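Student: Fold the following for me, if possible:
(chains A, B, C and D)
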Protein chains: 4
Amino acid sequence: MSLNTYGHLFRVTTWGESHGPALGATVDGCPPGVPLAPEDIQVWLDKRKPGQNKYTTQRREADEVEILSGVYEGQTTGTPIQLMIRNTDQRSKDYGDIAEKFRPGHADITYWQKYGIRDPRGGGRSSARETAARVAAGGVARAALAQLAPGMQVQGYMVQMGPHRADPSRFDWAEVERNPFWTPDAQAAETWADYLDELRKSGDSVGAVIECRISGAAAGLGAPIYGKLDTDLAAAMMSINAVKGVEIGEGMGAAALTGSENADEISMGPDGPVYGSNHAGGILGGISTGQDIVVRFAVKPTSSIMTTRQTITKAGEPAEIVTKGRHDPCVGIRAVPVAEAMAAAVMLDHLLLHRGQVGDGPRGRIG
Amino acid sequence: MSLNTYGHLFRVTTWGESHGPALGATVDGCPPGVPLAPEDIQVWLDKRKPGQNKYTTQRREADEVEILSGVYEGQTTGTPIQLMIRNTDQRSKDYGDIAEKFRPGHADITYWQKYGIRDPRGGGRSSARETAARVAAGGVARAALAQLAPGMQVQGYMVQMGPHRADPSRFDWAEVERNPFWTPDAQAAETWADYLDELRKSGDSVGAVIECRISGAAAGLGAPIYGKLDTDLAAAMMSINAVKGVEIGEGMGAAALTGSENADEISMGPDGPVYGSNHAGGILGGISTGQDIVVRFAVKPTSSIMTTRQTITKAGEPAEIVTKGRHDPCVGIRAVPVAEAMAAAVMLDHLLLHRGQVGDGPRGRIG
Amino acid sequence: MSLNTYGHLFRVTTWGESHGPALGATVDGCPPGVPLAPEDIQVWLDKRKPGQNKYTTQRREADEVEILSGVYEGQTTGTPIQLMIRNTDQRSKDYGDIAEKFRPGHADITYWQKYGIRDPRGGGRSSARETAARVAAGGVARAALAQLAPGMQVQGYMVQMGPHRADPSRFDWAEVERNPFWTPDAQAAETWADYLDELRKSGDSVGAVIECRISGAAAGLGAPIYGKLDTDLAAAMMSINAVKGVEIGEGMGAAALTGSENADEISMGPDGPVYGSNHAGGILGGISTGQDIVVRFAVKPTSSIMTTRQTITKAGEPAEIVTKGRHDPCVGIRAVPVAEAMAAAVMLDHLLLHRGQVGDGPRGRIG
Amino acid sequence: MSLNTYGHLFRVTTWGESHGPALGATVDGCPPGVPLAPEDIQVWLDKRKPGQNKYTTQRREADEVEILSGVYEGQTTGTPIQLMIRNTDQRSKDYGDIAEKFRPGHADITYWQKYGIRDPRGGGRSSARETAARVAAGGVARAALAQLAPGMQVQGYMVQMGPHRADPSRFDWAEVERNPFWTPDAQAAETWADYLDELRKSGDSVGAVIECRISGAAAGLGAPIYGKLDTDLAAAMMSINAVKGVEIGEGMGAAALTGSENADEISMGPDGPVYGSNHAGGILGGISTGQDIVVRFAVKPTSSIMTTRQTITKAGEPAEIVTKGRHDPCVGIRAVPVAEAMAAAVMLDHLLLHRGQVGDGPRGRIG
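Tutor: Purely as a prediction, here's the structure:
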């Protein structure tokens, strides 16, 4: 990861601001011969798109993707794929106050301090709107994975909103598509709906925890020591707006375990090693074990709230601020497809990297 | 981060295995004119060195660093600095069993699956011994920071061992150097000592949480969107052996907060903006605010334990394993100086990156 | 340089094919606060634009640039700048024959062998049309240089066409803008005009040598050992379509010199070291001396000619080929602004890199 | 290429100064399972080693390589390979004068201006001694190529010394190992021997042209647009000390050719496309054609000569300089094994890159 690009061989550079004419992703390193149509990308963008229900910002964006390069007669050519999304609903009048005052908990003060110039409309480059470009790039990654690793599945879902946690014993994967929170726990979805209704009324916002599960990944993916699969997944998630913590497998909870509790015992199954548990979250020493890869992250509540907060102006004068405009009471909801997109990109990248460094498939046989 | 290198402009490549002749770090991008002697590095290596008390592995390593290049008449020249540490206490006879059986929770199975060849002695490349090289590189970073950002301080300390948490209300920074756990909570140190004595007797191990605090960093450091300061810190920590979770500021706990609780209100102090709280952990939008930067991570318990666990052999046969040899009951202890080294490297790297991209100092004035 | 990106800190990724809907450049790492309007870029694109005189392809492209991101109220913000140029004159019917037959000397056979899929219209990604994106990015680099290094000038010009060389003793810089070949030798321009008229009639093409001179660069720019200023300039020029050789200063001719002939003697001038000659081309050990930096490269004749050549089809059948369509008899002409753009990008990149690594200005004083 | 590292996936970082305790190469990204012993590397170092005949510096260095990591039981493990060469013959007393005076044509003035500190003994980091580390790394690349691309051969040889060119019509590959100039033209070797004897007596030096030929490379290697095979080869050669020009195939001479002369006509052979000529030097559009890859470069005469030259001191005072010490009258001779090493590294790197991006082997079939 560096500046505005992520990935080793599958490299994505996102560009664009919240209220500029367009935003997009320059996707370099996608293998040639991958079937790719705008619809393959649009389906994921539609999942992230704002304004789909009452729990997300009411900004109306079609988020329609154009493929400007890298695809010929429906297949990728191995050259850079340019994905562009036009901004259509830039009501910048809403943001006037923010140009002069800094929002507590928002990046506008640090962008100002770093660059001495910023586009204040909707957060400019620091806006969550940038994640649309990631989702588009993730669509390309998924298309390539469908060809190179057809058994691999990437599924994101919410597991906590504010103080309310979902209960894994109630998980039903079919539920994920049925509620606005992308959670497999139908009961949690109801609790959250009520909780968020209250919160919206009070003009406040709340944090959340998102989990992303990658199943069907072969053993052997990952590039120790500093391009570990978990390191890259952690960086990918931490780079998403508002993320403050990332966990793999047991995560922070691993601190409280003893070695005998934490060890995932191994036995031999018909197709290779089988593990008695998955405390590791599918990764040992930075390399995939073949178990489900489990990454989880916390999103802080958005700083754009209607409660009055103390702040200062550019001139250094004390001020009060109330953020109007159209904002998500729980940005974590829309982080679900973003997490999936980042996970897909990291997995494809490591698949290509593994192929380059080591060749196809795991090299060390067991049994 | 990529393969065996981390950093954008201050780039460190570590090399070496647990039981090879030597290990070390190739440090590229250190500015010229920085005073640097072996002692400046040795002091940090001594902090990480094994066998210093009964809570760490009894392997005896002098961990003496040699500077092979990049320094002339006591000053860095701007060319690569090669730091070498000879291995002296490689009792590889201890590890015989491990060559054929895989340890549950250890990277030896995934290294085998990925590479088809591995150095099983002491974990080879995946050994925590590699972190000595990071600590050495961190010594160079600290020397450069002393010149470029004299007010910056990096302090690591343990805040949780197993289920026992330190209590911030008891923190006394002078305590950190007085106990074997590098914790500012003297009472926690006592609790942990008793707890670890028990654990060692039972041949088990336990996880821990380490916190690292960087004070005195100027506002404006960080390279959004994908080289954010928090992203790079998270990647740096996640790349350390056995780390399963990383947090910035409120971390995973941010999920449970509302926007009004989480916002760090701003007022104007004599030297610039002052914040009423630090939920953000000193970073907004990937850029430093000027507050203390707070990063925290969980280390899982080491997999090398004396409890019998079920596993398989390379041939795929079921087997039982008990790890003998010399191991740390709580590897988290020695992760403290490693965390400091990684934090120092990331901070120097971002300081150079900021200078390259934007010039010296913050550009946007407030007040 | 890697895949579709060049630069260390000032990073340019170009995208797009000859006959796709658009092409462009994603420019990352431009410092903030640089005044930038579309006109600042357009002026250089107009210089490269096809169809301006009878010596270049008659394809009609407005080559109008749109700035889609990274600029706010006329200034760069430090975030990625997306430059898009719509293709408007894609007469793909002209290229039918080429889809099945390979042109001798053209990349269509190797693209096919590498990727197994290619966009044959106008060469797809391997078309010289891609260089429009470089020229646009070069416009951004020039704007940044105007602010950071106001005395630096980048001037490209043709010094040889086919067997006919320009004569430095006749050089008059004012001539460069007066002839279609961007040469400071008015007499050579006449010779070349006659020569090229003949060649066009015969349907043939010819090579050329372009020189690029950077004056006003401070001493101290360059990043030895592998990011040397001359290495990066050489790579930048060699990456331009059809380039087969690159020289710095004396270039290939240095082989024939003795050490006593080649040494540029040094004396002390009012503002620092002064050199008695410039065999080195302004670079010693990969670092600028403060003299003019001189880089030169040879462009081979385009392979798209109307002479019948023997080739094969995709099916491996023997075939004859005559390239119709609209082509440049001497692609070297339009390589002049491309060379300038690449040189400007490399110089800005090294200026930022120097600032990051070493700080502003040269560190070692003389006198 | 960046700072002190080259390569995309096969990444080599060299370190060390002419008169420090040691120098070496950190080699990252070598595939696992490659048989590798010190002898495999030593054989190439011996070829470059100084003091082997009267035409190279009389400095006596064993140049004995130690493999400190990355190899286990005679095979590479996929982890970083550290290669160290101890300096043994550092007679720094010879260099006293150079610490204060700048040698015309030498990097000591620019290193001083850039870094404000330098190791003047033997040129420090800018010494040709650094190329020993490249040759060592090249040995690793050759070992990996022997396994991954057994038919590939890399052969370097001298084709010009001063004004005297070798004649390809006399080339006999068996001659290369028989003369001190690594030239396939026995007659040229005699001419050069006489010429160099004269030159040595007069205390002068001279330039040379080296050619490197890679045969047996598959079609399809190269990463357009900015990681082209020829771009990377050009950068690799230009990064070698004293190189001032690089050519692929026809090189600078391509400028004088017409398109009909330059086109390499294609026919179908039993194993795929066959070319009637090789003006392209085996690369089209940055991708290998399957023909021999031909790269050529000019080395300037060394600046360390016994003729008196005018210069200045650090204090800016005028001075005369005569370089004593032990120097090569024609550094081009020892550049031959360096060129081979760089070429081998680039080829392995592109083979891994191709495998990562596109998969094994060419994808587009012909016939």
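
Student: For the rest of this, base every contact and every neighbour count on C-alpha atoms.
Tutor: Will do.

Student: Outside of stretch A:118-132 itself, list whatever touches it.
Tutor: Residues outside stretch A:118-132 that contact it (CA atoms under 8 Å, 6 or more residues apart in numbering or on different chains): A:14-20, A:23-24, A:45, A:48-49, A:63, A:92, A:95-96, A:98-99, A:107-108, A:111-112, A:240-241, A:338, B:225, B:285, C:72, C:77, C:79.

Student: Please spell out the PyMOL selection for the buried subset of those residues.
Tutor: Applying 16 or more other CA atoms under 10 Å in any protein chain shown to these leaves a buried subset, and the PyMOL line that selects it is:
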select buried, (chain A and resi 14+15+16+17+18+19+20+23+24+45+48+49+63+95+98+99+107+108+111+112+240+241+338) or (chain B and resi 225+285) or (chain C and resi 72+77+79)
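
Student: Narrow the contacts of stretch A:118-132 to those in strands?
Tutor: A:14, A:15, A:16, A:23, A:24, C:72 (DSSP state E).

Student: Am I right that the second one is in contact with residue C:78?
Tutor: Translated: residue A:15. No. Between residue A:15 and residue C:78 there is no contact under CA atoms under 8 Å: 11.4 Å.

Student: Now do the shared contacts for the two.
Tutor: Common neighbours of residue A:15 and residue C:78, using CA under 8 Å, 6+ apart, are residue C:70.

Student: returning to what we had before: any chance of the ones in strands among the contacts of stretch A:118-132 in a markdown table, plus distance to residue D:178 and pLDDT?
Tutor: Formatted as a markdown table, those follow (distance: CA to CA, whole Å; pLDDT from 0 to 100):
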| residue | distance to residue D:178 | pLDDT |
| --- | --- | --- |
| A:14 | 57 | 98 |
| A:15 | 58 | 98 |
| A:16 | 62 | 97 |
| A:23 | 63 | 97 |
| A:24 | 60 | 98 |
| C:72 | 67 | 95 |
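
Student: residues touching the residue in the stretch 1-150 of chain A that chain D sits nearest to, list them.
Tutor: Nearest residue of the stretch 1-150 of chain A to chain D: residue A:31, at 5.6 Å (CA to the nearest CA). Neighbour list for residue A:31: A:76, A:77, A:78, A:144, D:357, D:358 [criterion: CA under 8 Å, 6+ apart].

Student: can you redo those residues as JSON lines with distance to residue C:134?
Tutor: Below are the contacts of residue A:31 laid out as JSON lines (distance: CA to CA, whole Å):
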{"residue": "A:76", "distance to residue C:134": "23"}
{"residue": "A:77", "distance to residue C:134": "21"}
{"residue": "A:78", "distance to residue C:134": "20"}
{"residue": "A:144", "distance to residue C:134": "28"}
{"residue": "D:357", "distance to residue C:134": "24"}
{"residue": "D:358", "distance to residue C:134": "26"}
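
Student: Could you list the low-pLDDT ranges of the stretch 1-150 of chain A?
Tutor: Scanning the stretch 1-150 of chain A for pLDDT under 70 picks out the ranges A:1, A:50-51, A:57-59, A:90-96.

Student: If you tally nearby residues, what's the number for the closest residue to residue A:141 other than its chain neighbours?
Tutor: Closest residue to residue A:141 apart from its sequence neighbours, by CA to CA, 6 or more residues apart in numbering or on different chains: residue A:345 at 5.2 Å. Residue A:345 has 29 neighbours, counted by other CA atoms under 10 Å in any protein chain shown.

Student: does residue A:345 really touch residue A:13, like I thought?
Tutor: No. Residue A:345 lies out of contact with residue A:13 (CA under 8 Å); the separation is 11.9 Å.

Student: what's near enough to touch the residue of the stretch 151-300 of chain A at minimum distance from chain D?
Tutor: Nearest residue of the stretch 151-300 of chain A to chain D (CA to the nearest CA) works out as residue A:224 at 8.2 Å. Shown in contact with residue A:224 (CA under 8 Å, 6+ apart): A:285, A:286, A:287, B:3, B:4.

Student: what's near enough to touch the residue nearest to the third one when sequence neighbours are not counted?
Tutor: On the basis of CA to CA, 6+ apart, the spatially nearest residue to residue A:287 that is not a chain neighbour turns out to be residue A:222, at 4.3 Å. Under the criterion of CA under 8 Å, 6+ apart, the contact list for residue A:222 reads A:228, A:229, A:230, A:286, A:287, A:288, A:350, A:354.

Student: By neighbour count, which of those wins?
Tutor: Of all the contacts of residue A:222, the highest neighbour tally under other CA under 10 Å goes to residue A:230, namely 35 neighbours.

Student: neighbours around residue A:83, how many?
Tutor: By the criterion of other CA under 10 Å, residue A:83 has 24 neighbours.

Student: which residues does it bridge with?
Tutor: For residue A:83, the beta-bridge assignment (DSSP bridges) gives partners residue A:25, residue A:67.

Student: Setting the sequence-adjacent residues aside, check what's closest to the closest residue to chain D within the stretch 251-367 of chain A.
Tutor: Among the residues of the stretch 251-367 of chain A, residue A:356 lies nearest to chain D; the distance is 3.6 Å by CA to the nearest CA. Spatially, and ignoring its direct neighbours in sequence, residue A:356 is nearest to residue D:356 (3.6 Å; CA to CA, 6+ apart).

Student: re earlier: and of the contacts of residue A:224, the nearest to residue B:331?
Tutor: The nearest member of those to residue B:331, counting by CA to CA, is residue A:285 at 14.7 Å.

Student: Quick check: nearest residue in space to residue A:160, chain neighbours excluded?
Tutor: In space, residue A:160 is closest to residue A:209, 4.8 Å off (CA to CA, 6+ apart).

Student: My guess is the residue nearest to residue A:356 contacts residue A:353. True?
Tutor: Yes. Contact criterion CA under 8 Å: residue D:356 and residue A:353 qualify, at 5.7 Å.

Student: Identify the contacts common to the two.
Tutor: Common contacts of residue D:356 and residue A:353 (CA under 8 Å, 6+ apart): residue A:9.

Student: Please identify the residues of the stretch 1-150 of chain A in proximity to chain B?
Tutor: By the rule CA under 8 Å from any CA of the partner chain, the part of the stretch 1-150 of chain A lying against chain B is A:1-6, A:8, A:104-107, A:109-117, A:126.

Student: in chain A, which helix has the most residues?
Tutor: Counting by DSSP state H, the longest helix found in chain A is helix A:332-358.

Student: Alright, I will stop here.
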